[in-house]
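>>> Give me a model of this one.
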Amino acid sequence: MAEQAENQQNPEAKVEKMFEYGYRKSNYGPDELVTDAHGNPISVVDAMLSAEDAAKAETATPHLCYYSPRIPGNTGSAIRLCAVTGTILHLVEPLGFNLRDTKLRRAGLDYHDMAHVVLHPNFDNLVESMPNSRIIAFTAHATKLYTEVEYKPTDILLFGPEPGDIPDPMDIMAGPHVAEQVRLPMRPSLRSLNLTNCASIAIYEAWRQLGFAGGA
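Have a look, this model is predicted:
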């Protein structure tokens, strides 16, 4: 009761108590999205993985790539997906949002989550940084199902922008760099799945094929 009364009289005390137990403070600066191992806010860029380190990293799952994502909440969910599966997420600019967007903050991301993320200025940069990887594009235009592929940890699972008024970038999704095009089966005449729902299905199928290596 005494602690409850203290929190009512002094809201800052409640914030400090929440922060003490691992919650995030509300007064982030303009360049602060994530926290380090001690709970201190740090720059997004400082937390990210470099393209060079991503290319050298050994993973138990294929890499995931979002080309020009537009919705911050989807990307926040993908960052968390990659953190829990040990997947590296490649974000290819242009993005439809600022990486400091508050909707990304609501995903509760921290340093360990962002350490699985790579930012590329363009798609050529991704291709050049991962020359030995097979790019598998997930698109509704494909005929092959996603379960008909034998996945490797070096693969890159490519997803285009969320559906909207801008057409799919077919030069990216069907270009010469793409080794396979696959799709997720869905009932006809219905809206498509959320982008990160699709990515989750794909990543977990690939991880299942690879024996859930590294999982508990």
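>>> any idea how far stretch 87-102 is from the chain center?
Centroid separation for stretch 87-102 versus its chain: 8 Å, with CA atoms, centre = their mean, to the nearest Å.
>>> Make 51 the starting number, not 1.
Got it, the first residue is 51 from now on, which makes the last one we talked about stretch 137-152.
>>> for the chain, what spans make up the helices?
52-59, 61-70, 94-97, 101-106, 122-135, 152-155, 161-164, 173-179, 220-223, 245-259 (DSSP state H).
>>> Next, the closest residue to G264 other than its chain neighbours: phi, psi?
Take G264 and drop its neighbours on the chain: the residue closest to it by CB to CB, 6 or more residues apart in numbering is A110, 4.1 Å away. Glycine gets a C-beta too; all of them are placed from N, C-alpha and C. Recorded main-chain torsions at A110 are phi -90, psi -10, according to degrees, to the nearest 10.
>>> Hmm, T204 and A110 touching each other?
No. Counting by CB atoms under 8 Å, A110 stays clear of T204, with 11.4 Å between them.
>>> burial of the residue nearest to P211 when sequence neighbours are not counted, as a residue count?
In space, and not counting its chain neighbours, P211 is closest to S118: 4.8 Å by CB to CB, 6+ apart. Applying other CB atoms under 10 Å, we find 18 residues neighbouring S118.
>>> Report whether the expected contact of S118 with E143 is present.
Yes. Applying CB under 8 Å as the test, S118 and E143 come out as touching, 7.1 Å apart.
>>> Show the pLDDT at V84.
Here, the pLDDT recorded for V84 equals 60.
>>> for G214, that is, sorry about that
60.
>>> ok, residues contacting stretch 195-208?
By CB atoms under 8 Å, 6 or more residues apart in numbering, the residues outside stretch 195-208 that reach it are 108-115, 117, 140, 176, 180, 182-188, 222-223, 228, 230, 232-235, 249, 251-253, 255-256, 259-260.
>>> Buried subset of those as a ChimeraX selection?
Here is the ChimeraX command that selects the buried residues among these (16 or more other CB atoms under 10 Å):
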select :109,110,111,112,113,114,115,117,140,176,180,183,184,185,186,187,188,222,223,228,230,232,233,234,249,252,253,255,256,260
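>>> what's near enough to touch I186?
112, 199, 201, 205-208, 228-232.
>>> got it, and S242?
Listed by CB under 8 Å, 6+ apart, the contact partners of S242 are 190, 213, 236, 248.
>>> and the first one, what pLDDT?
At A190 the predicted local confidence, pLDDT, stands at 87.
>>> got it, and the third one?
pLDDT recorded at M236 is 91.
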